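*Asks:* this is the structure alone, sequence omitted:
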C-alpha cells in the first residue's frame, strides 16, 4: 500500500479474521498487515505474519483511536516495523490475547512485540509474548506508556531490547498485573 494498511485498511468498521491469514503485505507508513482507526477486529484461529510497516509503526497491526482487537487461538509473528510496535501498535485502544502468541517480531525503535500508548493489553489462557526484538530502544516484548498490562496464566519470555526492558518496559502512569 502506498500509505497505511498493506493488507487491510479499516476506518469506523468491524472485521473478523477466522481461520485465515493476513500475510506478506507491506505499507509505506503504518500497519503492514492491518491499519485501523475507530474500528474493531476479531482474529480467531488465524495468523498475522510476515508483514512490514516500511515507514513507521505496527508491522503486523496498527490500531489508532478507540479501537479494539481480540486475538484467540492465533499468532502475530515475524512482522517488522521501522518505527514502534513490530507486532502490534496501539494508541488509545485495547487488545485481548487468549491462547495466542505474539512472537518473532521486530521494531527498529520501541516495542518489538507490542507498543501500547494510552492503551490496555490483556494476556490470558496460556498466551505468550516471546522472542521479539526492539532494536532501537525499550520494551523488547512489550512497551506500555500511560496504559495497562495484565498477564494471567501467560508468559513473556526470550525478548530483547537495545536499551531498557527486554521483556516489559512501563513508562509514565502505567499499571501491570501478573497472576498465575
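*Replies:* Nice, thanks for sending it over. Here the structure is a predicted model, which is why all the values come from computation and not from measurement.

*Asks:* what's near enough to touch residue 42?
*Replies:* With contacts defined as CB atoms under 8 Å, 6 or more residues apart in numbering, the neighbours of residue 42 are 14-18, 69-70, 72. Using the backbone N, CA and C atoms, a C-beta is placed for each residue, glycine as well.

*Asks:* quick one: which helix or strand includes it?
*Replies:* Residue 42 belongs to strand 40-44 when elements are defined using DSSP states H and E.

*Asks:* which strands border that strand, and is each parallel or antiparallel?
*Replies:* Using DSSP bridges, the strands paired with strand 40-44 are strand 14-18 (parallel), strand 61-72 (parallel).

*Asks:* follow-up on the earlier one: return the member of the contacts of residue 42 nearest to residue 109.
*Replies:* residue 69 (20.8 Å; CB to CB).

*Asks:* my guess is that closest one meets residue 40, correct?
*Replies:* Yes - counting by CB atoms under 8 Å, residue 69 touches residue 40, with 7.4 Å between them.

*Asks:* and the residue nearest the centre of this protein?
*Replies:* Note on the chain: the residue nearest the mean C-alpha position is residue 88, at 1.8 Å, using CA atoms, centre = their mean.

*Asks:* partners of whichever strand or helix holds residue 116, with directions?
*Replies:* Element membership of residue 116, judged by DSSP H and E, is strand 114-117. Sheet pairing of strand 114-117 (DSSP bridges) gives strand 88-98 (parallel), strand 142-145 (parallel).

*Asks:* who's more crowded, residue 69 and residue 40?
*Replies:* Taking neighbours as other CB atoms under 10 Å, residue 69 and residue 40 compare with residue 69 leading, 25 against 19.

*Asks:* and that one, what's its pLDDT?
*Replies:* In this prediction, residue 69 carries a pLDDT score of 98.
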